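> whatever this is, show me its structure:
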Amino acid sequence: MKDENNRFLKDYMVDHSDDQYFRFSMSCPICACRWDSTAIAMSDRAVSEGYTGKVYQDERIWALDEAACQAAEQFGRCPICGKPVCKTCIVTYEELTMCQSCLSRLKDRMQKRTGGRE
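As a prediction, the model looks like this:
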């Protein structure tokens, strides 16, 4: 499960790497909080090979894996909509875990069905 979540998070990361460091970020689509990975220095060989070199590509994959592990401490996947959201925006309502956006939609539907009565 942890590896699956890490793979999922990697798809949503933004690459802010420069010519010396690998850096990644994610933002919560609900509250817009931003998380930034720890900067990971590139090896001299990766820097000299450039972006198309094998060492650079291997190091980037490793750095992205590390960033995903870090991000997993702050982000999760909503089991309803599947979006990556920060852990603050994941809630439990009547034994169901979901993001705050899904909870709002659920409450709206319930309200429409009951005519505003709960």
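
> helix or strand next in line after the helix or strand of the chain with the lowest mean pLDDT, which one?
Least confident helix or strand of the chain, by mean pLDDT, DSSP states H and E, is helix 2-10 with a mean of 77. Of the helices and strands lying after helix 2-10 in sequence (DSSP states H and E), the nearest is strand 14-15.

> now do the helices in this protein.
2-10, 44-49, 54-71, 100-114 (DSSP state H).

> tell me which of these sits nearest to C78.
helix 100-114 (6.0 Å; CB to CB). Placement of C-beta: from N, CA and C, glycine included.

> average pLDDT for the closest one?
For helix 100-114, the mean pLDDT works out to 87.

> can you list the buried residues in that helix?
Q100, S101, C102, L103 (16 or more other CB atoms under 10 Å).

> next: stretch 54-69.
V55, Y56, E59, R60, A63, L64, E66, A67, A68.

> closest to R34 among the residues you listed?
For the buried residues of stretch 54-69, the nearest to R34 is A67 (13.4 Å; CB to CB).

> who touches the closest one in this structure?
K10, M13, F22, F24, S37, T38, I40 (CB atoms under 8 Å, 6 or more residues apart in numbering).

> so who does L103 touch?
V91, Y93.

> where's the residue lying closest to S37 once chain neighbours are set aside relative to V91, distance?
Once flanking residues are discounted, S37 sits nearest to A67: 3.8 Å by CB to CB, 6 or more residues apart in numbering. Remark: distance between A67 and V91 (CB to CB, to the nearest Å) = 26 Å.

> same check on V47?
V47 sits 44 Å away from V91, going by CB to CB.

> same thing with A68?
A68 is 23 Å from V91, by CB to CB.
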